[in-house]
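Colleague: turn this into a structure:
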Amino acid sequence: MKDLVPVEGEKYLFRDMNSNAIINTSTKEYNNYTQLKQQKEKELERISQLENDFKQIKNDLDEIKLLLKGALKWIQIK
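Modeller: Residues are numbered from 1 along each chain as shown. Below is the predicted model of the structure:
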């Protein structure tokens, strides 16, 4: 870490003199970031599951409509 220079006025921020990047060394902020990332991933999975459920329900309704139309035709024939 000898190539890291503290950023003025910031306790956990350092500048890497090799890459000129700013590095945050706060484990609390890192843990908050990873927790937020996991929450977002779970939310995306939830949305994906809801979309799949919706598509399945739509397909089921389409099938029910076809069956009802067929039943109505059969009733009309008799």
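Colleague: quick one: contacts for residue 70?
Modeller: Contact analysis of residue 70 by Cβ atoms under 8 Å, 6 or more residues apart in numbering lists nothing. C-beta: built from backbone N, CA, C; applies to glycine.
Colleague: ok, it to residue 58 distance?
Modeller: Taking Cβ to Cβ, to the nearest Å as the measure, residue 70 and residue 58 are separated by 19 Å.
Colleague: same thing with residue 74?
Modeller: For residue 74, the distance to residue 58 equals 25 Å [Cβ to Cβ].
Colleague: what helix or strand is the closest residue to residue 6 other than its chain neighbours located in?
Modeller: Spatial nearest neighbour of residue 6, chain neighbours left out: residue 14 (5.7 Å); criterion: Cβ to Cβ, 6 or more residues apart in numbering. Assigning secondary structure by DSSP states H and E places residue 14 in strand 13-16.
Colleague: give the buried residues for that strand.
Modeller: For strand 13-16, the buried set under the neighbour-count rule, 16 or more other Cβ atoms under 10 Å, comprises 14-15.
Colleague: what is that strand packed up against?
Modeller: strand 4-6, strand 22-24 (3 or more Cβ pairs under 8 Å, 6 or more residues apart in numbering; DSSP states H and E).
Colleague: can you list those in CSV and add mean neighbour count and distance to residue 64?
Modeller: Output for the helices and strands packed on strand 13-16, formatted as CSV (neighbours: other Cβ atoms under 10 Å; distance: least, Cβ to Cβ, whole Å):
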stretch, mean neighbour count, distance to residue 64
strand 4-6, 12, 65
strand 22-24, 12, 55
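Colleague: since that was my last question, I'll sign off now.
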